[in-house]
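S.K.: I'll drop the sequence and a predicted model, then ask my questions.
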Amino acid sequence: MARLHEYQGKQLLEGAGLAVPKGKVARTPEEVFDIAKELGGNVVVKVQAWVTGRKALGGVALVHTAEEAMAAAQDMFNLTFGNFPVEELLVEELLDIQDEFFVSLTIDDANQAPLLLLDCEGGSGIEDRADSVARIPVTADGEISRETLLEVTKDEAVVDAIVKIVQTARQHEARSMEVNPLVRLTDGSIVAADCRVTIDDYAVFRHDDLGIDIARELDHPPTRLEQLAYDIEQEDHRGTFYFAKLPSEGWENTKGLIAFHGAGGGGSMMSMDAVSNEGFTLANFTDTSGNPSVAKVYQAARIILSQPNLRGYFGSGSGVASQEQYHSAYGLAKAFIEMKMAIPAVIRLGGNSEDRAIDILEDACSDLPAPVRGFKKDDTPGKCAGLFSQLVEETSNTNDSMTRHTPEYVGSQDASSFPIKYGTLWIDNVSPEVAEIVVNNSNGLLEVNESGQPEPTEDITDKDSDLIACEIECLRAGHPAVFVDMPVKGLE
């Protein structure tokens, strides 16, 4: 579920005619000062971050002068939640509140229908008051019983506000919309004092106006690498590719920061636990599953390796996935070879064609500066993590000095080049014997032309996976005459 910040949710409610506090978003302490002064000094300053319990974490301050607001803002901009610094603060007028209400529209998965949760006492601690919360059904068309709402709230103005909340949620295809609290002021007016919204991932493409960069649930604004990974996923739907940055404070006090590359949810969770138990800090979570293309696994590995301070690369998934593991082996091998991998990698390639996958990976990567080891489904995550720990301890390198390498013939007039969807296929000028090796490893995509050189027999635009496999097999045969130049957007 894609999330909106509090101020973004309030903008939606205000657009629907529901009152919200006067206020603005600030991105510097100086802006906080100016906004607070404009509002008269009596303001609340709130961190805009996707966390609960902001006040207890130092993310909410009630102040009475612009100077106090600026001082509070300076502290808040020094906060981090996970790895992610606070970048925005919401500065709003203090409200003269008489009553509070808890209003939350969600989806009742059991009944496959929207449901409104309503309590006449808002604020924190709603979990402890579950018995007092009214559960009011909502139709798929966004209709809700005004009579039932009035029985609970005893206030027509509150009912009007709740109806606007429900209608706003439906209009923007929200998976949830929580206004806690919805308040009645001493003058009788109704105001949405807070707002949390999540939008259905599958509806985001219909709502460009919301400015959602990634249609996935994150606890932070997307990082550059998360955005790059998401763009790859949207462009190439062959299998899945999910990349998320993980909190890693204090990694310097552990065995080191490492890359994690999983395949399949449950097995990946077990593998993450196993390598964490060895004393490492995970820089990221990545999943490539559902029969991903070779190109997709390659791009995933390149993005993973672009993170700084990595001591090793640990890959392990479910071990029972139906996907052909040699596809992943080809993609990983290409990434590792291009980067001249200087940190150890342990990859558990359990599942279909695991023997072939491990043979490809270890053989292709045998000349790299750091060891690359493959394991099968019967090798437990704990066993793999134990060996990984040993290899990391024996290797003092990090990935910080690693750069991408391409063969000398790439860009040369003596080599042949052919466009493919995500880049260019390069073939060196080769002898007849090598040309035959190239053709034999091309899965029928190449043939020897009249000049004795390999060239495509058909449209190879979408054949990146077969071509990468050809590249790796030629390298394994001792003749690296084929290279798929596939720059990752945003990295090169």
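M.R.: Sure, I can see it.
S.K.: which helices and strands does the helix or strand containing residue 298 pack with?
M.R.: Using DSSP states H and E, residue 298 sits within helix 294-305. The contact analysis (3 or more C-beta pairs under 8 Å, 6 or more residues apart in numbering; DSSP states H and E) places helix 294-305 against helix 224-235, strand 242-245, strand 257-261, strand 284-287, strand 310-316, helix 325-338, helix 464-476. Placement of C-beta: from N, CA and C, glycine included.
S.K.: could you break this structure into its assigned domains?
M.R.: If you go by automatic domain parsing, the domain ranges for the chain are 22-93, 97-203, 224-394, 416-485.
S.K.: looking at strand pairing, list the partners for the most centrally placed residue in the chain.
M.R.: By C-alpha atoms, centre = their mean, the chain has its centre lying nearest to residue 244, at 3.6 Å. Residue 244 has these beta-bridge partners by DSSP bridges: residue 285.
S.K.: can I assume it is in contact with residue 282?
M.R.: No - look at residue 244 against residue 282 with C-beta atoms under 8 Å: they stay out of range, at 10.3 Å.
S.K.: which helix or strand contains the nearest residue in space to residue 264 that is not next to it in sequence?
M.R.: Excluding the flanking residues, the one nearest residue 264 by C-beta to C-beta, 6 or more residues apart in numbering is residue 318, at 3.2 Å. Using DSSP H and E, residue 318 sits within no helix or strand.
S.K.: wait, what's in contact with residue 318?
M.R.: 263, 264, 265, 266, 267, 268, 289, 350, 351 (C-beta atoms under 8 Å, 6 or more residues apart in numbering).
S.K.: quick check: the gap between it and residue 165.
M.R.: For residue 318, the distance to residue 165 equals 41 Å [C-beta to C-beta, to the nearest Å].
S.K.: and if you look at residue 225?
M.R.: Separation of residue 225 from residue 165 (C-beta to C-beta) stands at 36 Å.
S.K.: of the two, who's got more company?
M.R.: A side-by-side neighbour count of residue 225 and residue 165, using other C-beta atoms under 10 Å, places residue 165 first with 26 against 18.
S.K.: check contacts around that one.
M.R.: Contact partners of residue 165, counting by C-beta under 8 Å, 6+ apart, are 13, 16, 18, 103, 105, 177, 179, 182, 192.
S.K.: just give the closest residue to the third one, not the sequence neighbours.
M.R.: Take residue 18 and drop its neighbours on the chain: the residue closest to it by C-beta to C-beta, 6+ apart is residue 164, 4.7 Å away.
S.K.: so residue 232 touches residue 299, yeah?
M.R.: Yes - shown here, residue 232 and residue 299 form a contact pair, counting by C-beta under 8 Å, at 5.3 Å.
S.K.: touching both of these two, which residues are there?
M.R.: By C-beta under 8 Å, 6+ apart, residue 232 and residue 299 have these common neighbours: 241, 488.
S.K.: looking at the two, which has the bigger crowd around it?
M.R.: Neighbour count, other C-beta under 10 Å: between residue 232 and residue 299, residue 299 has more, with 30 against 21.
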